[in-house]
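Chemist: sharing a model that was predicted from the sequence below.
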Number of protein chains: 2
Amino acid sequence: MSRVGEFDIIRDYFAGAPTSQSVVLGIGDDCALLQPPPGSILATSVDTLVAGRHFPEGADAAKVASRALRVNLSDLAAMGAKPLWFTLALTLPAADRKWLERFSRGLLETAREYGISLVGGDTTAGPLSITVQVTGHAQKPLRRDGAGAGDGVYVSGPLGAAAAALPVVLGERKVDSELRQAAEAAFYWPEPQLQLAQSIVPLATAAIDISDGLLADLGHICRASGVSAELDIEALPVAALARELTPEQARELAATGGDDYQLCFTVPKGDVPELERMNTGAVRIGTLIPASGEPQVLARRHGQSWTPKHPGYQHF
Amino acid sequence: MSRVGEFDIIRDYFAGAPTSQSVVLGIGDDCALLQPPPGSILATSVDTLVAGRHFPEGADAAKVASRALRVNLSDLAAMGAKPLWFTLALTLPAADRKWLERFSRGLLETAREYGISLVGGDTTAGPLSITVQVTGHAQKPLRRDGAGAGDGVYVSGPLGAAAAALPVVLGERKVDSELRQAAEAAFYWPEPQLQLAQSIVPLATAAIDISDGLLADLGHICRASGVSAELDIEALPVAALARELTPEQARELAATGGDDYQLCFTVPKGDVPELERMNTGAVRIGTLIPASGEPQVLARRHGQSWTPKHPGYQHF
């Protein structure tokens, strides 16, 4: 392992980062200088991934980098924002050239794919963790607090893939190489729903990305908007990886598994036909109703009340 | 120690954060929504502080928070930018209510003092580290690459305080309580030079904040601008804390000690009289000259070439 200084790290590994017209000055000064699109509202979000908690220690650095950027891009999608810039704060035990090469490759590939510019960062010695902050711009931001009773509740695609993938990624569950590849893809290459988000911006009243699990995240929309939700558990689209398990486990993962980064969004009753005509691939899973008391998510299966066996993701 | 969840942390400790008109939507959604001042250029910078490296394990959380925000505000000062917003990514071993109370108090007090709004964040379980990203706006950004031969070189105030304070803060050097307080203030409450920065914006050709040591940071200006610097070591203003040491040690700390967050900036020969009339308190320490070969900082003392015994701060 060869050690390098901070300035070398930036020069050697991140200098080739994609850039855009809106970046007046990128990496290398006290601050990056940025020119926001005229009249736009900026959307910004920050997420930290810690080794041993959000990804296995010793995981391929390119995959970790991909995941770190994608989960942040998903927050932009959830606001209906288009990506502009991001920063990277990287804490790592030593400046390991091999690791940095893999990491920067994964990061910059993902950045190019989604047209987002790396504009600044910090590298620090310490236990491995990665903090990414993304900024985008929105014409009409999709907040959590705009939903109303009568709105249809949708998810952008299949759920439960990342939760089903986790034991495989952690090496706790042995599977054949095809399934293992699918699990790694679900965990490290989640697809931020940026395109779908743009198409629903004119119709949606609220949106959130599913990072903590559908029940928990739809609950955030309900509390922010002061409504309850009736959810048909049988209507949930279940990811192929989760369908490898028992039907009961698959349902459970689709309802509570985090990290899929699909969007959950709401559309007023009157706009439902237009949404359906758009063929976005989104699936209707329920309806918002007036809250009697505290807003809550009422999950039903075959007309019966349904509760998961395991709660959603806990940060502490 | 009582444990609390992520959503409680945000609600209980950071909900009272100062805000401003430019914040459309603060903490609590997928992204913060921000409205930049019309026509402005944004300046953004991120820094991570790791426990045991940038501050002692077990340090008072209020002091750590103050330092985390101030070192970032200093980067805005170095660009001639005015503070707008910041985010906080907090990784901590457990959600310790007492620690969080002290931390949020120190953070929000500092935020109020400098008129910057906390707009978002992430809390994660893991080894203690704090990542702050600040954003400000600038009419005429002060970059590192605008300096020219003939420019006067200035520092905004006394140097060497934080470097002299470090052994006291780390408990390696025992001093009386008055000196100890002064050391803690120098280390945890560095003063970001935001006001001075605004006053020199019309004149300065380049600026940097001194975080790695004067020689190292002036070196960045020289390389970015393609000039060398002649520096008079005897002209360096030395902080009172450093003057407690031997004159030789004091010189050494003033020239190479990091973490003071004074500004080093350059002013064209023709504008020097105007700067001096402004009584900013800044001190002239040298002159830029054409670079013969690689740009470098040529330190002189009583006409003789002078080199420090210890190099500047190394990140790895």
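Modeler: Done, it's in. No experiment lies behind these values; they were computed from the predicted model shown.
Chemist: can you pull out the helices in the stretch 101-250 of chain A?
Modeler: A:161-169, A:177-188, A:194-200, A:214-225, A:240-243, A:247-256 (DSSP state H, counting those that start in this stretch).
Chemist: out of those, which gets nearest to A:Gln35?
Modeler: Minimum separation from A:Gln35 across these (Cβ to Cβ) falls at helix A:194-200, 21.6 Å. Every C-beta, even on glycine, is put in place using the N, C-alpha and C of the backbone.
Chemist: quick one: buried residues of that closest one?
Modeler: Neighbour counts over helix A:194-200 (16 or more other Cβ atoms under 10 Å in any protein chain shown) mark A:194, A:196-197, A:199-200 as buried.
Chemist: ramachandran angles for A:Arg97?
Modeler: phi -60, psi -40 (degrees, to the nearest 10).
Chemist: counting neighbours, what do you get for it?
Modeler: A:Arg97 has 16 neighbouring residues, counting by other Cβ atoms under 10 Å in any protein chain shown.
Chemist: so what's A:Thr131 up against?
Modeler: A:46-49, A:88-91, B:46, B:48, B:89, B:122, B:131 (Cβ atoms under 8 Å, 6 or more residues apart in numbering or on different chains).
Chemist: what's the closest of those to B:Asp212?
Modeler: Nearest member of these to B:Asp212, counting by Cβ to Cβ, is B:Thr48, at 15.1 Å.
Chemist: where does the closest one fall, helix, sheet strand or coil?
Modeler: strand (DSSP: H, G, I helix; E, B strand; the rest coil).
Chemist: re earlier: and which of the buried residues of helix A:194-200 is nearest to chain B?
Modeler: A:Ala197 (10.6 Å; Cβ to the nearest Cβ).
Chemist: got a pLDDT number for the closest one?
Modeler: Note on A:Ala197: pLDDT of 97.
Chemist: contacts only, for A:Glu248.
Modeler: Contacts of A:Glu248 (Cβ under 8 Å, 6+ apart): none.
Chemist: from chain B, how far out is it?
Modeler: To chain B, A:Glu248 is 27 Å away according to Cβ to the nearest Cβ, to the nearest Å.
Chemist: repeat that for A:Glu57.
Modeler: A:Glu57 is 12 Å from chain B, by Cβ to the nearest Cβ.
Chemist: who's in contact with the residue nearest to that residue when sequence neighbours are not counted?
Modeler: Distances taken as Cβ to Cβ, 6 or more residues apart in numbering or on different chains put A:Ala51 closest to A:Glu57, at 5.0 Å, once the chain neighbours are dropped. Going by Cβ under 8 Å, 6+ apart, A:Ala51 touches A:57, A:59, A:127-129.
Chemist: farthest-separated two in the residues you listed?
Modeler: It's A:Ala59 and A:Pro127 that sit farthest apart of the contacts of A:Ala51, by Cβ to Cβ, at 14.5 Å.
Chemist: surely A:Leu107 and A:Leu118 touch.
Modeler: Yes - contact criterion Cβ atoms under 8 Å: A:Leu107 and A:Leu118 qualify, at 7.3 Å.
Chemist: overlap in contacts, these two.
Modeler: In contact with both A:Leu107 and A:Leu118: A:14, A:88, using Cβ under 8 Å, 6+ apart.
Chemist: residues from the stretch 101-250 of chain A in reach of chain B?
Modeler: Within reach of chain B by Cβ under 8 Å from any Cβ of the partner chain, the stretch 101-250 of chain A has these residues: A:119-127, A:129, A:131, A:133, A:136, A:138, A:141, A:143-145, A:207-209, A:224.
Chemist: any stretches of the stretch 51-200 of chain A with poor pLDDT?
Modeler: Residues of the stretch 51-200 of chain A meeting the criterion pLDDT under 70: none.
Chemist: quick one, strands of it?
Modeler: In the stretch 51-200 of chain A, the segments counted as strands under DSSP state E, counting those that start in this stretch are A:82-92, A:117-125, A:129-138, A:152-155.
Chemist: can I see the domain layout of chain A?
Modeler: Here the domain assignment for chain A is A:6-138, A:152-305, based on automatic domain parsing.
Chemist: nearest to B:Ala149, of those domains?
Modeler: domain A:6-138 (20.6 Å).
Chemist: residues touching stretch A:53-64, excluding its own?
Modeler: A:48-49, A:51, A:67, A:99-100, A:102-103, A:105-106, A:109, A:128, A:130, A:169-171, A:184, A:188-189, B:124-126.
Chemist: an error on my part: the question was meant for stretch A:109-117.
Modeler: A:17-20, A:22-23, A:26, A:62, A:65-66, A:69-70, A:73, A:83-86, A:118, A:134, A:136, A:192, A:194.
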